[in-house]
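In: need the 3D shape of this:
(one chain, ligands or ions: 1)
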Amino acid sequence: MFEQLDPPAEDPILSLTVAYRDDPRDDKLDLGIGVYRNAAGATPVMAAVREAALRIAEEQDSKSYVGLAGNEAFNQALTSLLLSGTPALDRAATIQTPGASGALRMLGELIAYARPGARVWISRPSYVNHQPVMEACGLEVREYPYFDPDSKRVDEAAMLAQVAELGPEDVLLLHGCCHNPTGADISWESWQAIADMAERQGFLPFVDLAYQGFGDGLEGDARGLRHLAERLPELLIATSCSKNFGLYRERTGAAIVIGESLAHAQRAKGHMQRIARATYTMPPDHGAAIVARVLNDDSLTQQWRDELDGMQQRIVRLRQQLVTAFRDASDSDRFDYFASHRGMFSVTGLSNEQIAHLRQDHGVYVVGGGRVNVAGLSESRIDKLVEAFLAVGA
Ligand code: LMR
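Out: Below you'll find the predicted structure:
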């Protein structure tokens, strides 16, 4: 039966990783997939994570099943990290998922079950997996205007004008911080305006927060989300420990539902457990066990926070260094946007042709649409990036 299959579409990010791996050039530069690298170009295991993993290896006395919702100590700790200080914590129910993509799928399935005709609105552009995951759940996907390619900022007026049209059948998928792919985040005023409109118009916000700690710190990055949680009766959250705990391959994430009451949220959690049973049954344990250890031990938590802050500050420095290097080499300020963006990524506005030349002529890999992973750059490679960009006419 397989001979009838169409060739599958390639994932634009993961296929790039394979192409990069197969490129024999020594001076190639991978600015594709969202992975943090240190000054030596490595993605080391965080020290707090290593210590927690060692303790688990010594103390864990069973590999028996955990449960459909995964590790409840992890669920509780992660929910508190996101919603700390908001009364909505008492109306939240959480299920551990295989990464944030697993959480997106879980919540998409929940929406499709609870509100079969719902439309999910995603930003233009958005994370490459948003549309495929929501469509795989049978949901209709629409786009709201987001990025202004000229200013490289959010076109908040256009975005809010679209949001003003949404009603009870609509779900608004927002990036909690560090917008992927653009790096351009909405302002505090827009978070407030969205909360006002959701309250009035009855649409459901769904926040994807995969980079907490990489933009403006753990608290700053959760500010918009917490505002929605404080104001609204219902909210969906997908989150990930891939980046802020460096647990990429462990597939560690969570789907959180805030309901009008705890009983409503728990009913939703029951359905998420049913959905998990019908797909993968239980999420993998290791990453969640590590996070639970870190977040339930004061000294490990402090060590992890310090390491995360160090990564965040280094990304900010890299962004400033990029701006300086571009100013010096191009005698213009047209690359200053790198410093106003937050988190790992920036959309550069490169054309497909320029992206192809970067790859073929310079061994520089960036994602289609011109997304650059600034957090994948090391200080010693800034000049190479700048030179390659200017050579392709950026
Ligand atoms: C990215 O956008 O590069 C990451 O979030 C990896 C992924 O899952 O696509």
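In: next, count neighbours for E58.
Out: 7 (other C-beta atoms under 10 Å). Glycine gets a C-beta too; all of them are placed from N, C-alpha and C.
In: just say helix, strand or coil for it.
Out: The three-state label given to E58 by DSSP: H, G, I helix; E, B strand; the rest coil is helix.
In: again with A292
Out: Criterion first, three-state DSSP; result for A292: helix.
In: quick check: closest non-adjacent residue to Q162.
Out: Y144 (4.2 Å; C-beta to C-beta, 6 or more residues apart in numbering).
In: what of T252?
Out: G287 is the one closest to T252 (C-beta to C-beta, 6+ apart), at 3.1 Å.
In: what about the closest residue to the ligand within the stretch 201-350 of the chain, neighbour count?
Out: In the stretch 201-350 of the chain, the residue that lies nearest the ligand is A210 (6.3 Å; C-beta to the nearest ligand atom). Number of residues near A210 (other C-beta under 10 Å) recorded here: 27.
In: same question for A391.
Out: 14.
In: how about it, what does it touch?
Out: A391 makes contact with H357, D361, H362, according to C-beta atoms under 8 Å, 6 or more residues apart in numbering.
In: ok, so what distance separates it from H357?
Out: Distance of A391 to H357, given as C-beta to C-beta, to the nearest Å: 8 Å.
In: in the protein, which spans are strands?
Out: Ranges of strands in the chain, per DSSP state E, are 29-30, 92-97, 119-124, 140-145, 147-148, 153-154, 170-175, 204-209, 235-240, 253-258, 345-347, 364-365, 371-373.
In: save those strands as TSV, and put in mean neighbour count, mean pLDDT and distance to A47 too.
Out: Below are the strands of the chain laid out as TSV (neighbours: other C-beta atoms under 10 Å; pLDDT from 0 to 100; distance: least, C-beta to C-beta, whole Å):
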stretch	mean neighbour count	mean pLDDT	distance to A47
strand 29-30	22	96	24
strand 92-97	27	98	24
strand 119-124	22	98	35
strand 140-145	16	98	40
strand 147-148	20	98	36
strand 153-154	20	98	36
strand 170-175	24	98	29
strand 204-209	24	98	24
strand 235-240	26	98	20
strand 253-258	28	98	22
strand 345-347	26	98	26
strand 364-365	24	97	29
strand 371-373	26	97	23
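In: make JSON lines out of those and add distance to D309.
Out: Listed next are the strands of the chain as JSON lines, based on distance: least, C-beta to C-beta, whole Å:
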{"stretch": "strand 29-30", "distance to D309": "25"}
{"stretch": "strand 92-97", "distance to D309": "25"}
{"stretch": "strand 119-124", "distance to D309": "28"}
{"stretch": "strand 140-145", "distance to D309": "33"}
{"stretch": "strand 147-148", "distance to D309": "28"}
{"stretch": "strand 153-154", "distance to D309": "25"}
{"stretch": "strand 170-175", "distance to D309": "21"}
{"stretch": "strand 204-209", "distance to D309": "18"}
{"stretch": "strand 235-240", "distance to D309": "19"}
{"stretch": "strand 253-258", "distance to D309": "22"}
{"stretch": "strand 345-347", "distance to D309": "20"}
{"stretch": "strand 364-365", "distance to D309": "28"}
{"stretch": "strand 371-373", "distance to D309": "20"}
